[in-house]
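Chemist: quick one, structure for this:
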Amino acid sequence: MQAPAGKRFSLRERMCSFSFAFKGIATAVSTQHNFRIHLVAFVLVIAAAVIFGISPFEWCIVLLASALVLSLEIVNTAFEFLVDMVSPQYQEKAGRIKDLAAAAVLVAAILAAAAGLIVFTKYILVFFSTSSVIR
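Modeler: Residues are numbered from 1 along each chain as shown. Prediction:
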């Protein structure tokens, strides 16, 4: 998409757009319990990845799965705020919209957990098999 005629690229405007994005992340962190839970899980997964020394390909899987879950949680939050704004009183269709957005997060989280199991199972098995030898 091109900028409107006469509109020039502005580094300042680009920096402002980043500040809006960070403001959105801050909103998700400060208002959404599930987003904070996903962030804690993300930090734990990254710590495990560093400790186990996973491969570059496995890093890609872990990071993409994590990005999907965190991003969908933010989109879910946006849907919730939007639905609450346009439909302050309960409506069945508004509830369905929220349920569908939440379902997208749930599906991503389940599949991310499955990907995590696939990536980390061999490392965990090796860890426990070598730690039992040490005893």
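Chemist: pLDDT below threshold where in the protein?
Modeler: 1-6, 131-135 (pLDDT under 70).
Chemist: run through the neighbouring helices and strands of the longest helix belonging to the chain.
Modeler: Identified as the longest helix of the chain according to DSSP state H is helix 92-134. In terms of contacts (3 or more Cβ pairs under 8 Å, 6 or more residues apart in numbering; DSSP states H and E), helix 92-134 is packed against helix 33-52, helix 56-86. C-beta here means a position set from N, CA and C on the backbone, and glycine is covered the same way.
Chemist: what angle separates that helix from helix 56-86?
Modeler: Counting by axes from the mean of the first three to the mean of the last three Cα atoms, to 10 degrees, helix 92-134 lies at 150 degrees to helix 56-86.
Chemist: follow-up on the earlier one: now the helices and strands packed on helix 92-134 in a markdown table, with mean neighbour count and distance to Val105?
Modeler: Output for those, formatted as a markdown table (neighbours: other Cβ atoms under 10 Å; distance: least, Cβ to Cβ, whole Å):
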| stretch | mean neighbour count | distance to Val105 |
| --- | --- | --- |
| helix 33-52 | 15 | 7 |
| helix 56-86 | 16 | 5 |
